[in-house]
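Engineer: quick one, structure for this:
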Amino acid sequence: MKINSIVNLHILWTIILVLCISLAVFEGAAIAQDTTPPPDPLSTASLEPSAVASNTATLPSETATAIPTANATETWSEMPSSVTTALPSETVTEPIPLTPTSALSPKQSLTLNTIGFRPGPFPGVPLHFLGETAELQGYKISLKSIAITNNILEVEVNLSNGSANAIHLFSALHLYKTDKQVFPATNLDEEQILASHASSDITLEYTLAEPLTSENLSNYQLVYMPLGYSGAIFTFSLGMRPQQFATPPQLKEDMPQVVYGTTGDPWKVLVLIYPNINTNYVDLDGHTKHLTASMPIQDLINMKTAFLNLPHRRIVYSYSAQTAEIEANVVTVNRSLTSLEKIYNGYWPSPAITRQEMNIYAPKGKYDSVIIFWQASHPTTGQSIPDGGGWGWGYWPGETYANGMTYASIYNLSWVWTTSNQACHGEVFLHEWLHGVTGFYMSKGVPFNVQDLHGAEEAGYSWDYNDGCWDSWLKVYMRGLVYEAGKRKALVPQLTWYKGSLTTWTIRGWRGEYFNNQTLSGIPAMVRDDNAVNFEWRSYSPHPLINSDHFSTRWTKTQKFSTAGYYRFNAFRDDGMRVWVDNRLIIDKWKYGREYITKDYYLTSGWHTIRVAAYEIDGWASAKLTIQFLRR
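Structural biologist: Sure thing, here's the model as predicted:
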């Protein structure tokens, strides 16, 4: 009887142990698959303070981050003065290898998730070093070695192309210097490519104007742009070493590269570059001719640099007194222009000519404007197609004319891109773009001066003889400070910029931007009017156009607060979330996980711009924000 009791007890404990193990395994699987129902979402206008007190975000009083400038702005870092390693003088004839050693402990297989931001030629783009590997969007590059012989620089890289398209290496790899000089590799053929899903070790050779030393080598950076300005950008410093950053700045790579200003609603612009032309035309004397020409690579580089004075926080933002902004994408088209459309006594690449690319890159509703840049002449013989009266044309949006966008074209003005005044470069594009912008707002009933953009002289303005710009007139025009018969006209911000762009004119709630990446990068895959930031997507997608995992969102709204006082910002996140008030970061939970958050913040009475950013890694996804008045 005693033995039977012991046996029965042993069997009972065995059964209990098995059940515990099974339960633990089941719970572990549920957690791993993220199938456990989430906490109750924010269902009311407020949260109980006791429920969220432990998660209250406490930030220093000065939490506003520096506002990034346009991608064209070049920020460089010099090698610290403490580095005194001397290289042999310019009489050396053998290359000096600068390969990484074990003492350097270079990072292996670095990605955007593991490297912090450091200053580079493109703000917001991580700066890498000798021995490092960078990977993004299927493109990978490793900087393997550097060798210098007097003024000859040799850089060995390994490239992997995981995309479906070939990479044109001549236009993808360039050397930048602090004085904004750009050097193409002298040993690369213009037709040399890296095929899709291929890898290769490549040695790049650059001939410079100065002998190289360990000190001035830090003035140079290698830039790799496999898709030009429209895709991934990688930068490598040739002078700084990883060990100099024992404690690298840990700025989060997922911060928006452009912090929008007053409106939170930039105009979205697509630039299509057609560097090749192969077409017949009739000259001004009535003779039929044929032009086959290609845009010089340096003109292409200079043009891109000139255009980048236009987007983001460059002349659009400054000329409009911080009320208008642009977000731009640049795409170089391989197809030659084999036909043009007649316009007056000249020709131009009309929407009918570029329809093929517009339908691919700019379906209706994705962009507000498209700008065409094209080669209209032979770079050496001077043979030129008649332009019809000017360097370009700008047109108002039509329902189907250019997929509903404003449309402008500018031909290659090589002498303009190389002038000393950088602001004037952008004005070439700005002028034609503003014709379409003006037409759109005019169609909404906004009053404009009789001659609209061409009314500078009638309004008493002229170009600046010192720099050749029309900046004084354009600033007045873009700020709506043109007066006729005592009435304020032109682009009055309250009637134009503040009310939205072409694609967002009808948005009255939150402007929701959705991206198929975790970093809020590029042009949104979808923009819509969201009544509230109150989403519990669970394991589903926000929209058929958006991924169910690995997506990010940004909501922006300018609203009026009638009473000054403290307001409670109640938030719920899964995964990361940030909240700004008038560009001041007040909630910063940019990490994996789910939680309630509250932040009490003082607001003056009047209008304030609220911006919310969120990203989803995998599993459940939620994003919620409510604002509750507390006290004066």
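Engineer: and the protein, split by domain according to the record?
Structural biologist: With domains defined by automatic domain parsing, the chain comprises 1-33, 49-62+508-631, 96-244, 267-498.
Engineer: CSV for these, including mean pLDDT?
Structural biologist: Formatted as CSV, those follow (pLDDT from 0 to 100):
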stretch, mean pLDDT
domain 1-33, 43
domain 49-62+508-631, 83
domain 96-244, 72
domain 267-498, 85
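Engineer: export those domains as a markdown table, with columns for mean neighbour count.
Structural biologist: C-betas here are computed from N, CA, C, even on glycine. Converted to a markdown table, the domains of the chain look like this (neighbours: other CB atoms under 10 Å):
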| stretch | mean neighbour count |
| --- | --- |
| domain 1-33 | 10 |
| domain 49-62+508-631 | 17 |
| domain 96-244 | 18 |
| domain 267-498 | 18 |
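Engineer: partner strands of the helix or strand that contains residue 614, with direction?
Structural biologist: Counting by DSSP states H and E, the element that carries residue 614 is strand 606-616. According to DSSP bridges, strand 606-616 forms sheet pairs with strand 551-561 (antiparallel), strand 576-581 (antiparallel).
Engineer: export those strands to JSON lines and tack on distance to residue 321?
Structural biologist: Shown next, in JSON lines, are these (distance: least, CB to CB, whole Å):
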{"stretch": "strand 551-561", "distance to residue 321": "16"}
{"stretch": "strand 576-581", "distance to residue 321": "21"}
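Engineer: do you know which of the ones you listed lies nearest residue 596?
Structural biologist: Nearest to residue 596 among the strands paired with strand 606-616 is strand 576-581; the distance by CB to CB comes to 11.0 Å.
Engineer: residue contacts, the residue nearest in space to the middle of the chain?
Structural biologist: Among the residues of the chain, the one closest to the centroid is residue 522, at 4.7 Å (CA atoms, centre = their mean). Neighbouring residues of residue 522 by CB atoms under 8 Å, 6 or more residues apart in numbering: 329, 515.
Engineer: quickly note the distance from it to residue 514.
Structural biologist: Per CB to CB, to the nearest Å, residue 522 is found 12 Å from residue 514.
Engineer: again, but for residue 414
Structural biologist: 40 Å.
Engineer: same deal with residue 319?
Structural biologist: In this view, residue 319 and residue 514 are 30 Å apart by CB to CB.
Engineer: cool, and residue 237?
Structural biologist: 34 Å.
Engineer: and what of residue 570?
Structural biologist: 23 Å.
Engineer: can you check residue 448 too?
Structural biologist: 34 Å.
Engineer: that older thread, does the residue nearest to the centre of the chain belong to a helix, a strand or coil?
Structural biologist: At residue 522 the chain is in coil, as set by DSSP: H, G, I helix; E, B strand; the rest coil.
Engineer: ok, it to residue 126 distance?
Structural biologist: From residue 522 to residue 126 the distance is 16 Å (CB to CB).
Engineer: again with residue 440
Structural biologist: As judged by CB to CB, residue 440 and residue 126 stand 37 Å apart.
Engineer: equivalent analysis for residue 233, please.
Structural biologist: Taken as CB to CB, the span from residue 233 to residue 126 is 10 Å.
Engineer: quick one: common contacting residues for those two?
Structural biologist: Between them, residue 233 and residue 126 share no contacting residue under CB under 8 Å, 6+ apart.
Engineer: circling back to that earlier point, would you mind saying which of the strands paired with strand 606-616 lies nearest residue 493?
Structural biologist: Among the strands paired with strand 606-616, if distance is taken as CB to CB, the winner is strand 551-561, at 12.1 Å.
Engineer: and the next element down the chain from that closest one?
Structural biologist: strand 565-574.
Engineer: paired strands for that following strand, with orientation please.
Structural biologist: Applying DSSP bridges, one finds strand 565-574 paired with strand 595-603 (antiparallel), strand 621-631 (antiparallel).
Engineer: can you lay out those as a markdown table showing distance to residue 336?
Structural biologist: Below are the strands paired with strand 565-574 laid out as a markdown table (distance: least, CB to CB, whole Å):
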| stretch | distance to residue 336 |
| --- | --- |
| strand 595-603 | 55 |
| strand 621-631 | 45 |
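Engineer: nearest to residue 355, of these?
Structural biologist: With CB to CB as the criterion, residue 355 lies closest to strand 621-631 of these, at 37.3 Å.
Engineer: so what touches that closest one?
Structural biologist: Here strand 621-631 has contacts from 38, 41-42, 44-46, 533-540, 542, 548-549, 551, 553, 555, 563, 565-575, 577, 579, 594, 600, 610, 612, 614, using CB under 8 Å, 6+ apart.
Engineer: all helices of the stretch 251-400 of the chain, in order?
Structural biologist: For the stretch 251-400 of the chain, the helices defined by DSSP state H, counting those that start in this stretch occupy 297-307, 315-319, 351-361.
Engineer: nearest to residue 590 among the ones you listed would be which one?
Structural biologist: That would be helix 315-319 among the helices of the stretch 251-400 of the chain, by CB to CB, at 25.5 Å.
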